[in-house]
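[1] my questions are about this predicted structure, shown below with the sequence.
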Amino acid sequence: MLQIAYYLCCGLLANSSLMEKWEPIRDQAFHIIILPLSVFVSIMFWGLYLYDRDLVFPAHLDKVVTPFFNHQKHSAVVLWTFLEAAVVHHNKPGHFEGHFIAGLFCATYLAVVLWVHAAGGVW
């Protein structure tokens, strides 16, 4: 979902007057969140899928989710991200700034996961 929002914003703001303000945010988001997250999700999903499919994608879901859609969610995201890294020039954020934003993102994600578990009892 995060990658969809990112690429939607990139597409909508590509030729607008807001591009000058958007470009530093885009560069930070790409290097700090989008690239590491897409690689992590793909490696973890397919690693767990090969280890024990039922952990991440039980067989009964094949009736609901097509293999094409499954690959779009877990494989193509990395390909699109690497394609963007090769084609679009991104300025890298500072070391401290990058670690701070990444830590804030991870802490927020963990807080949401724990809240959902506490409220609904599901992981």
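    In hand now; what should we look at?
[2] so where do the helices sit in the chain?
    2-13, 19-29, 35-51, 53-56, 67-74, 76-87, 95-120 (DSSP state H).
[3] as TSV, the ones you listed with mean neighbour count and mean pLDDT would be great.
    C-beta coordinates here come from the backbone N, C-alpha and C atoms, glycine included. Formatted as TSV, the helices of the chain follow (neighbours: other C-beta atoms under 10 Å; pLDDT from 0 to 100):
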stretch	mean neighbour count	mean pLDDT
helix 2-13	14	86
helix 19-29	15	87
helix 35-51	14	93
helix 53-56	12	90
helix 67-74	13	88
helix 76-87	14	92
helix 95-120	11	93
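[4] how far off centre is stretch 79-99?
    From the chain centre to the centre of stretch 79-99 is a distance of 13 Å (C-alpha atoms, centre = their mean, to the nearest Å).
[5] again, but for stretch 46-63
    20 Å.
[6] Val56 and Gly47 touch, don't they?
    No. Taking contacts as C-beta atoms under 8 Å, Val56 lies outside contact range of Gly47: 9.2 Å.
[7] run through who's touching stretch 6-21.
    22, 26, 29-30, 34, 80 (C-beta atoms under 8 Å, 6 or more residues apart in numbering).
[8] of those, just say which sits nearest to His117.
    Nearest to His117 out of these is Ile34 (C-beta to C-beta; 25.8 Å).
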